[in-house]
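[1] show me the folded form of this:
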Amino acid sequence: MKNMTADKRLAFSDVFSILLWMGIVFLTWSFMQAADHFLRLTPEAMGKYFKLRWVLLMHITAGGGALILGPLQFWGRLRAYGWKLHRIIGTLYLLAIICSSITAAILSSTTAYAVNWAYAFSLQVWVTVWITATFIAWWAAIKRKFKLHQEWMTRSYLVTLAFVVSGTLVKLPVVQRLGEFADISPSLFWLGWAAPLYLYEVVLSVKRKA
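    Alright, predicted model coming up:
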């Protein structure tokens, strides 16, 4: 009876993981669809990004790949198939983060200043946290500190998700009524990654005490 109950729980966990992943894929698709006009590669479509159009396209594409690959690393059933598959997915996620974060650093140090200094600075800090969290997760895996690796990989993905979270919030009518994009976006960028990381640390503290 215990085995049957465990199997049912595992099956429910798998279904939940698949539905969650599909939801993230849909959000990623919706988020990236808003950037379809950049594919025309014309000065009118690209605007301030025209000179760095390939940097922008690499950032968007690699970022989308990181969003989709991230949840697969936390799916227990997928990890159970073997460490090689987990390592392949993790390596692809790492490469996607490297490409997207480097191009994000370039954009935040150039075109972002066309909005204002606060906007550029918030992006620069965001990218720094993104790269740092992912690097520590990779380092922990190399050192075979797998619990630490899992914690930092979670932090890395929370920062990855922040791009979708802040991008969605800034499009909400109730948020747009608060002011111009240049005024409200920096605060939303900080909120997008800082609040989830804080909540995650609270959850970890509660688990450690328990």
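[2] show me where the chain has helices.
    Using DSSP state H, the helices found in the chain span residues 2-33, 43-46, 53-69, 76-80, 83-108, 117-142, 146-169, 173-176, 181-209.
[3] which secondary structure elements does the third one sit against?
    Using 3 or more CB pairs under 8 Å, 6 or more residues apart in numbering; DSSP states H and E as the contact criterion, the secondary-structure elements in contact with helix 53-69 are helix 2-33, helix 83-108, helix 146-169. Where C-beta positions appear, they are placed from N, C-alpha and C, glycine not excepted.
[4] list the contacts of residue 170.
    Neighbouring residues of residue 170 by CB atoms under 8 Å, 6 or more residues apart in numbering: 176, 181, 184, 185, 188.
[5] and these, which are buried?
    184, 185, 188 (16 or more other CB atoms under 10 Å).
[6] what is the nearest of those residues to residue 83?
    Minimum distance to residue 83 across the buried ones among the contacts of residue 170 is 38.1 Å, recorded for residue 188 (CB to CB).
[7] residues near residue 103, how many?
    A count of neighbours around residue 103, defined by other CB atoms under 10 Å, yields 22.
[8] and what of residue 19?
    10.
[9] can you offset everything so residue one is 153?
    Sure, I'll start counting at 153 from here, so that last one is residue 171.
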